[in-house]
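> pasting the sequence and the predicted coordinates here, then a few questions.
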Amino acid sequence: MAQASVDRTLCVGCGLCIELCPAVFARAEDRTAFVQLQAVPPEATRCCQEAAAACPVDAIAVSETEN
Ligand code: SF4
């Protein structure tokens with residue numbers, strides 16, 4: 001399983017991560033993105049990594065967890 005996080009102090013609210021991986025990322029009222037799932041399901045790991053790579057301010061971290 002992977003875990004994702006968004007540093008909302010860096011996020012500029014471009015919406016790319018939400019577009020690329022709506023299962024994991026959502027938009028808060030202040031337009032920044034947040035992670036809506038504690039653990040990223042296997043089928044969403046790829047889009048989550050794509051979102052992290054696409055983020056213009058490197059605000060997304062994805063880490064692999066055990067089991
Ligand atoms: S891609 Fe990055 S900057 Fe854009 S909304 Fe997502 S976390 Fe924020």
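Looks like it arrived, so ask away.
> how about the residues of this protein by the ligand?
6, 11-17, 33, 55-57, 59-60 (CB under 6 Å from any ligand atom). Where C-beta positions appear, they are placed from N, C-alpha and C, glycine not excepted.
> helices and strands around the lengthiest helix in the chain, which ones?
Counting by DSSP state H, the longest helix found in the chain is helix 45-54. For helix 45-54, the packing partners by 3 or more CB pairs under 8 Å, 6 or more residues apart in numbering; DSSP states H and E come out as strand 2-6, helix 16-20, strand 60-64.
> report the contact partners of Thr45.
Ala2, Val62 (CB atoms under 8 Å, 6 or more residues apart in numbering).
> so how far is Asp7 from it?
20 Å (CB to CB, to the nearest Å).
> again with Glu29
Counting by CB to CB - Glu29 and Asp7 are separated by 18 Å.
> more neighbours, those two?
With neighbours defined as other CB atoms under 10 Å, Glu29 and Asp7 compare such that Asp7 has more, 13 against 5.
> show me where pLDDT drops low in the protein?
Confidence mapping of the chain against pLDDT under 70 gives the ranges 67.
> let's see that with 90 instead.
Low-confidence segments of the chain, defined by pLDDT under 90: 1, 38, 64-67.
> residue nearest the centroid of it?
Phe25 (5.0 Å; CA atoms, centre = their mean).
> now do the contacts for it.
Phe25 touches Ala4, Val6, Cys17, Ile18, Ala33, Phe34, Val35, Gln36, Ala51, counting by CB under 8 Å, 6+ apart.
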